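*Asks:* The following block contains a protein sequence and its predicted model.
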Amino acid sequence: MAKIKIFFTGGTIGSRAEDGVTDLSDTRAISYKLLDNVPKNARTVFETETIYNVLSENTGMFHWEKLYRRVCDGLGGCDGVIITHGTDTLAYTAPFLAFTLRHAEVPVLLVSSNYPLDDARTNGFENFRAAVDFILKTKLRGVYVPFSGNGETVIHLGARLVQPQAFHHGFSSLRGVWFGRFKGGRFHRNPDPRNPTFEDVSRPATPLPAFRSGQDVMCIMPYPGIDYGLFDLARRARAVLHGLYHSGTANADVAEFAQRCAEKGVDFYAAPFDSDYATYRSAVDIRTSGVEFLSGMTFEAAYAKLVVAYGAFDDDAERSQFLWETTAFERQLTADN
């Protein structure tokens, strides 16, 4: 008999719609709805617990640390873990857990829903059933995200999840390369050579030092006419992550702002950067100013990795090694990166 631990954290999958407004619901009711849709012959025991019950857009470092610690404590004595989560920040939490739980010996799956479970359009039940099937049928290590749409359920690697665009609301993976999907009741790995193999994801990994939360990383997104004088460095972050346009560029003034940060001891990074794409003069100028480009990963994964790096490592060399190593398949390596 398999044992699966389910941790509830809120989000749309834990909500109900009333008078046109979606808000949180009782997690016990959500538990019954999800578990009642699992086939009776699954021969699985479920152990449920509510870690917190919030809409995911309201989560912060406190929630991440609490989630990390509780899941770490609950990894023993089970065949897999399912975490219910909202869609708005799922693409941030998934890589965070992929980095911090890389030592987990059982699969960890984050399950979300595009609509509340009471809505006929919901994919929450399909996502949950896929998570249960993945645990029972693959037994692979790692953090994954199942998401259903267009009649099929795709499994994404947690560290490669790409958040949905407005008006679309469907998740994708880095460069469109999802890890696998269910077909005919079986899980099929996507054979794209940029994917890790079953052997790759099953290799044991060394646990990270314990993660400690903190508001250490400041994010800035590029936009036309950006004025870096508006950013106050009086409350000093330990690091800045500056977003880049799709071609790996940003306003050249970022180099001067990065210098201001360096004078205050603030490390400066930029992402996402696709080394397969043409490199523009502005990107070269930014890099030569001392900005470190976190190549080959999504912006969300870069942010999560920086949060973990500055929350788990005190030694500069160890932090740097963690940042530049591919630790959770977050990068799709090419000859240039």
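*Replies:* Looks like it arrived, so ask away.

*Asks:* Please identify the helix or strand for I6.
*Replies:* Per DSSP states H and E, I6 falls inside strand 2-10.

*Asks:* Following that strand in sequence, what is the next regular element?
*Replies:* Criterion used, DSSP H and E; the element after strand 2-10 is strand 15-18.

*Asks:* and the helix or strand hosting L34, what other elements does it pack with?
*Replies:* Assigned by DSSP H and E, L34 belongs to helix 27-36. For helix 27-36, the elements it packs on are strand 2-10, strand 44-54, helix 124-138, judged by 3 or more Cβ pairs under 8 Å, 6 or more residues apart in numbering; DSSP states H and E. From N, CA and C alone the C-beta is placed, and that goes for glycine too.

*Asks:* which residues touch F299?
*Replies:* Applying Cβ atoms under 8 Å, 6 or more residues apart in numbering to F299 gives the contacts L241, G243, A271, P272.

*Asks:* do you know how far it is from L174?
*Replies:* When distance is defined by Cβ to Cβ, to the nearest Å, F299 is 11 Å away from L174.

*Asks:* cool, D216 as well?
*Replies:* The value you get for D216 to L174, if Cβ to Cβ is used, is 25 Å.

*Asks:* And for N37?
*Replies:* On the measure of Cβ to Cβ, N37 and L174 end up 30 Å apart.

*Asks:* neighbour count winner among these two?
*Replies:* Using other Cβ atoms under 10 Å, the more surrounded residue of N37 and L174 is L174, with 23 against 14.

*Asks:* Between the two ends of stretch 182-191, what distance do you get?
*Replies:* Using Cα to Cα, to the nearest Å, one end of stretch 182-191 lies 14 Å from the other.

*Asks:* and the strand or helix carrying A317, what other elements does it pack with?
*Replies:* A317 belongs to helix 316-324 when assigned by DSSP H and E. In this structure, helix 316-324 packs against helix 299-312, with contacts taken as 3+ Cβ pairs under 8 Å, 6+ apart.

*Asks:* residues touching D88, list them.
*Replies:* For D88, the contacting residues are G11, L55, S56, E57, by Cβ under 8 Å, 6+ apart.

*Asks:* residue contacts, the most centrally placed residue in the chain?
*Replies:* Residue closest to the average C-alpha location in the chain (Cα atoms, centre = their mean): A94, at 2.4 Å. Contacts were defined as Cβ under 8 Å, 6+ apart; by that measure A94 touches L110, V143, V145, H156, G158, A159, L161.

*Asks:* One more pass at 6 Å, please.
*Replies:* Neighbouring residues of A94 by Cβ atoms under 6 Å, 6 or more residues apart in numbering: L110, V145, G158, L161.

*Asks:* got a list of what the third one touches?
*Replies:* For G158, the contacting residues are A94, P95, A98, V143, Y144, V145, taking Cβ under 6 Å, 6+ apart as the criterion.

*Asks:* tally of neighbours for the residue lying closest to it once chain neighbours are set aside?
*Replies:* Nearest non-adjacent residue to G158, counting by Cβ to Cβ, 6 or more residues apart in numbering: V143, 3.3 Å away. For V143, the count of nearby residues is 30 (other Cβ under 10 Å).

*Asks:* I'd assumed G10 was in contact with V54.
*Replies:* Yes. Using Cβ atoms under 6 Å, V54 makes contact with G10 at a distance of 4.6 Å.

*Asks:* Just want to know which of those two has more residues nearby.
*Replies:* G10 (24 against 16).

*Asks:* picking up where we left off before, now, which of the contacts of A94 lie within strands?
*Replies:* Taking DSSP state E, the ones among those that sit in strands are L110, V145, L161.

*Asks:* can you list those residues in a markdown table and add pLDDT?
*Replies:* A markdown table is the format used below for those (pLDDT from 0 to 100):
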| residue | pLDDT |
| --- | --- |
| L110 | 98 |
| V145 | 98 |
| L161 | 98 |
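
*Asks:* who touches A239 in this structure?
*Replies:* Per Cβ under 6 Å, 6+ apart, neighbours of A239: V217, D267, L306, Y310.

*Asks:* where does the first one fall, phi/psi-wise?
*Replies:* Note on V217: its backbone torsions stand at phi -120, psi 120 [degrees, to the nearest 10].

*Asks:* partners of it in the sheet?
*Replies:* Beta-bridge partners for V217, by DSSP bridges, are A239.

*Asks:* Name whatever forms a beta bridge with A2.
*Replies:* Going by DSSP bridges, A2 forms beta bridges with T44.

*Asks:* Determine the number of other residues adjacent to it.
*Replies:* 15.

*Asks:* Repeat that for F182.
*Replies:* Neighbour number of F182 under other Cβ under 10 Å is 20.
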